[in-house]
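Student: Okay, sequence plus prediction incoming.
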Amino acid sequence: MTPIGTRGWSPSGTVICVKTAVVQHNSARQPYGARGRRRRIAFAVAILFTCASLVQQVLYAVGLVREWPVSALRGSPVPLLLVAAPAWALTRPWPLPPPHLRKVTAALGRVPSWLALGLILLLTVVLWRNLQSGLPYLGHDEAVYAAKARSWLNGTPSAQWRPYRPVGLPALAWIALHVRDDIGAVRAVGLMLALSTLAITYMVAARLTSPWRAAVATLVMLSGWGFLRRLPEFLDDIAAAGLLAAVAYLMVRARQRPGSFSLLAAAVVAVAAFYVRYGVISGFIALGGAALATWGWRDWITSWRDVAAGGVFIGGLGAHLAYSSRTASSPLEVLLSALQVAPKGGTSARGSSTTRRSFPSDWRAISAASS
């Protein structure tokens, strides 16, 4: 009769268990494994270049430097991160952090994620305020949009306005100028658009991943050189990016929950994005192609809500085509002109004197770029 506790016992099994325990003990003592030295070096390189990219962006954001000392970097963190990314990959499996650091992360995990979003938005406002000192006057494109808004307000000339410019930004500036007629009101519209884009990024990432990962993704977006470069300006780049991200998420949401109003909301947001920046039409084409390749065309006309969404989108773009037919030679003329001008960074600076005359005295010297 086999005693209790020895059922199924064998010497070979005991040896295997002992060896496994020894291997686990050694792994705990040497978290980097057999190639510990190489991984330690990779870890040091990853930390060094990641921190260097972070310092670079902070110095640029607060205005202490305008160009990185190494001319090849041109103010962008991408070259530094291209070195850090493979170094981070070589450090895997990553060791456990020290006990005190684990306590800090556990404490941060108990903080509500909405508070992290609030701090990021507050940081955005602070950065926007500090960057305004480097751009005291409106740039050429900013002045053109602001002049159009002011022409709607009191009938002053709208210099350099051409049909290829979308009317979304002037419409928002027209509302802001009712509150206060100065440059700050126009720039505040750009701030509101940037905050909206960050909020959209957080909400989309939170639905797809987790709230804290969404906060990290939003902070990464804010720290990007391109985002910081456009943050203090009254332009449509940031707003269009946020609206396009919302369209993509709502399209995915529509397939996850058939019968919801997500696709109809996506159509409304898409029309708004189009009138903010005509260039988002390329994003619509990419999203449409991906949607058709993933789900097929039949899944997009399953209810009256889907048909209504198509009607809203076609109607919104149809209004632009009608406007283009009336002001240009063909329905696509305005859109094609916008696509041709966009890579050149706008139009020439002729007519800047009319732009200056369209504003009151405190708007003088609108931009060195438009002079």
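Tutor: Ah, there it is.

Student: Buried residues, the helix or strand R229 falls within. List them.
Tutor: In this structure, R229 is located in helix 225-230 according to DSSP states H and E. For helix 225-230, a neighbour-count test (16 or more other Cβ atoms under 10 Å) marks W225, F227, L228, R230 as buried. No exception for glycine: its C-beta is placed from N, CA and C like everyone else's.

Student: Could you list every helix and strand in contact with the helix or strand following it?
Tutor: As assigned by DSSP H and E, the chain's next helix or strand after helix 225-230 is helix 237-256. Applying 3 or more Cβ pairs under 8 Å, 6 or more residues apart in numbering; DSSP states H and E, we find helix 237-256 packed against helix 183-208, helix 225-230, helix 262-276, helix 281-295.

Student: Next, name the residue at the spatial heart of the protein.
Tutor: Geometric centre of the chain, nearest residue: M221, 5.2 Å, by Cα atoms, centre = their mean.

Student: Which other helices and strands does the helix holding R229 contact?
Tutor: In terms of contacts (3+ Cβ pairs under 8 Å, 6+ apart), helix 225-230 is packed against helix 36-61, helix 237-256.

Student: How far away from the center of its chain is that helix?
Tutor: Here the centre of helix 225-230 is set off from its chain's centre by 10 Å, with Cα atoms, centre = their mean, to the nearest Å.

Student: From the buried residues of helix 225-230, pick the one nearest L195.
Tutor: The nearest member of these to L195, counting by Cβ to Cβ, is F227 at 12.1 Å.

Student: The nearest residue to the closest one once chain neighbours are set aside sits in which helix or strand?
Tutor: Leaving aside its sequence neighbours, F227 sits nearest to M221 (Cβ to Cβ, 6 or more residues apart in numbering; 6.1 Å). Under the criterion of DSSP H and E, M221 resides in helix 211-222.

Student: other SSEs contacting that helix?
Tutor: helix 113-131, helix 183-208.

Student: Using the record, which stretches count as separate domains in the chain?
Tutor: By the assignment in automatic domain parsing, the chain contains the domains 30-98, 113-363.

Student: got a markdown table for those domains, with distance to A107 too?
Tutor: Listed next are those as a markdown table, based on distance: least, Cβ to Cβ, whole Å:
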| stretch | distance to A107 |
| --- | --- |
| domain 30-98 | 13 |
| domain 113-363 | 13 |
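
Student: among those domains, which is the most enclosed?
Tutor: domain 113-363 (a mean of 17; mean count of other Cβ atoms under 10 Å).
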